[in-house]
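Visitor: take this sequence and fold it.
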Amino acid sequence: MKHLRSMAALAFVAAALNPAYAQTGKPAEIGMGVFTFTSGPAAAYGMPGRNAAELVIEKINASGGIGGVKIKPIFVDEGQGTDGVVAEFRRLAADSNNQAMIAALSSGNCLALAPVAEQLKMPTFMWNCDTHQLFLKDRYQYVYRTNSSTVPEFIASVLYLLSVNPNIKTVAIINPDYAFGRDAGLIFKETLKALRPNVEVVAELYPKLGSPSFNTEISRLAATQPDVIFSNLWGADLENFVRQAAPRQLFERSKVILALGESVLQRVGTLLPDGVIIGVIGDGWWKSPHAQANAQAKDFIETYRKRFNEYPVFPSFKMANTLYAVKAIYEKALATNKNRWPTREDLIAAAKNLKTETLTGSLALREDNDGLVDQIVGATVKDSAHPFPVMGQMVRYPASLLTPPVGTDPIAWIGKLKPDMLNTLPKPGAYK
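Guide: Next up is the predicted model:
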């Protein structure tokens, strides 16, 4: 009897010290940290992600949860700054009931969180982190990107531009002054250099993230009068830029590319004329043929519209698709382990090389943990059914054609692109 009591005591100690051991039984709920901006200028982009998380988790829980266990989201506001975000991540990871993190929106935050996730052995799924720097030098076991990177996203902008305006001579860039904006500027320029080496970059403007006024930059662009203006401004910055640039006819004087422009179409209404090139940095467009043909996506779109009085924008789909991918990972782990509740290590093993359908297409996780997602680009067009422009003349570029192979330096790979690749790609208007 004394021996049995000693064995039980040892088991209790092992469970207390080893979260994986403690989690072999089915938990009361699945704790998930969900990181996004819910305050500050970036909340204009971050709240659609939070709203989507709320709806998707409600839907999963209403249908029985994952393996009979409901998800308990713990929302973390990235608006508190990187130090606070990292501290919250550490706090949540210390609780063995929290098995996965959905983080983060900001490229700066995700670059800070990735090594912490690795140190703490915490499965972390980057729902929006776009910067190609995430996996550029470091290899992670516990960090996955359920999203595309800046490389295919902004190559797509150039390909679309050259498909509709092949004879451009001058371009200007206005991007936010941090990793995401600088990465996009470099990728855009290098792709242009490879495909149209005679195009001249006449201005590069990098205003501070969260700038309330872009009048100085708009004056510079108006004076330069480039053939093309490329921007990956986002959130409140993008909305402010559109509202300040439209009265000065910037969108009529130059062909403008708003790489994240779909996220503000419903907010700026008729300020954007027809023909502005618009992206979703991925495939998350609510009116895309894939979304409209997917019953689950249509239900999500309608539920979102009724609750929040607007249609979901692409950050909403990035979050929703990530959560459904994580659900697929849990289900794969449960099947592999014969319904034994998965540990954190089991989740990581199940995530390797995952391929799954999403609300708007598909997601494949490569051997380096990066995501492959198609790229949709289009141009603004009036729609009598809505008081705002939508995307017309759409093209869907396959992820495999725009993404460098694993282990390849992305900028060197871009430099080897050939102009004749434009002849092999789908044309604007082909995606219907």
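
Visitor: which residue ranges of the stretch 251-400 of the chain form strands?
Guide: Assigned by DSSP state E, counting those that start in this stretch, the stretch 251-400 of the chain shows strands spanning 255-258, 277-279, 355-357, 362-365, 371-372, 375-381, 390-397.

Visitor: what's the average pLDDT for the first one?
Guide: For strand 255-258, the mean pLDDT works out to 98.

Visitor: what's the answer for stretch 290-308, then?
Guide: For stretch 290-308, the mean pLDDT works out to 98.

Visitor: next: stretch 231-246.
Guide: Rounded mean pLDDT across stretch 231-246 is 97.

Visitor: from the chain's centroid, how far away is it?
Guide: Distance, stretch centre to chain centre, for stretch 231-246: 19 Å (CA atoms, centre = their mean, to the nearest Å).

Visitor: just stretch 374-387 next, same as before
Guide: Here the centre of stretch 374-387 is set off from its chain's centre by 20 Å, with CA atoms, centre = their mean.

Visitor: likewise for stretch 381-396?
Guide: Centroid displacement of stretch 381-396 relative to its chain, using CA atoms, centre = their mean, is 22 Å.

Visitor: also stretch 102-110?
Guide: Chain-centre distance of stretch 102-110: 10 Å, with CA atoms, centre = their mean.

Visitor: start the count at 845, not 1, going forward
Guide: From this message on, residue numbering opens at 845, which makes the last subject stretch 946-954.

Visitor: kindly export that stretch (C-alpha atoms) in PDB.
Guide: What follows is stretch 946-954, C-alpha atoms only, in PDB (Å, rounded to 0.1, in the frame of the first residue of the first chain):
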ATOM      1  CA  ILE A 946      -2.900  32.700 -32.400                       C
ATOM      2  CA  ALA A 947      -0.400  35.500 -32.800                       C
ATOM      3  CA  ALA A 948       0.200  38.100 -34.000                       C
ATOM      4  CA  LEU A 949      -0.900  41.000 -36.300                       C
ATOM      5  CA  SER A 950       2.100  43.200 -36.200                       C
ATOM      6  CA  SER A 951       5.300  42.100 -38.000                       C
ATOM      7  CA  GLY A 952       7.300  43.700 -35.200                       C
ATOM      8  CA  ASN A 953       5.400  41.800 -32.500                       C
ATOM      9  CA  CYS A 954       5.600  38.500 -34.300                       C
END
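
Visitor: mean confidence for it?
Guide: When pLDDT is averaged over stretch 946-954, the result is 94.

Visitor: what does it rub up against?
Guide: With CB atoms under 8 Å, 6 or more residues apart in numbering as the test, stretch 946-954 has contacts from 876-881, 886, 889-890, 893, 897, 920, 922, 926, 929, 933, 957, 968-975, 977-978, 1022-1024, 1027, 1159, 1163, 1166-1167, 1170. To be clear about C-beta, it is placed using only N, CA and C from the backbone, and glycine gets the same treatment.

Visitor: about what we covered before: now the strands of the stretch 1095-1244 of the chain in TSV, with distance to residue 1065 and mean neighbour count?
Guide: TSV is the format used below for these (distance: least, CB to CB, whole Å; neighbours: other CB atoms under 10 Å):
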stretch	distance to residue 1065	mean neighbour count
strand 1099-1102	9	24
strand 1121-1123	16	27
strand 1199-1201	41	15
strand 1206-1209	36	19
strand 1215-1216	33	22
strand 1219-1225	19	25
strand 1234-1241	23	21
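
Visitor: out of the ones you listed, the one nearest residue 902 is which?
Guide: The minimum distance between residue 902 and the strands of the stretch 1095-1244 of the chain falls on strand 1199-1201, with 20.6 Å, by CB to CB.

Visitor: now for that closest one, which elements pack on it?
Guide: Where contact means 3 or more CB pairs under 8 Å, 6 or more residues apart in numbering; DSSP states H and E, strand 1199-1201 is packed against helix 1158-1180, strand 1206-1209.

Visitor: kindly reformat the ones you listed as a markdown table containing distance to residue 1241.
Guide: Listed next are the helices and strands packed on strand 1199-1201 as a markdown table, based on distance: least, CB to CB, whole Å:
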| stretch | distance to residue 1241 |
| --- | --- |
| helix 1158-1180 | 15 |
| strand 1206-1209 | 14 |
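
Visitor: could you identify which of the ones you listed is most buried?
Guide: With neighbours taken as mean count of other CB atoms under 10 Å, the helices and strands packed on strand 1199-1201 reach their highest mean count in helix 1158-1180, at a mean of 24.
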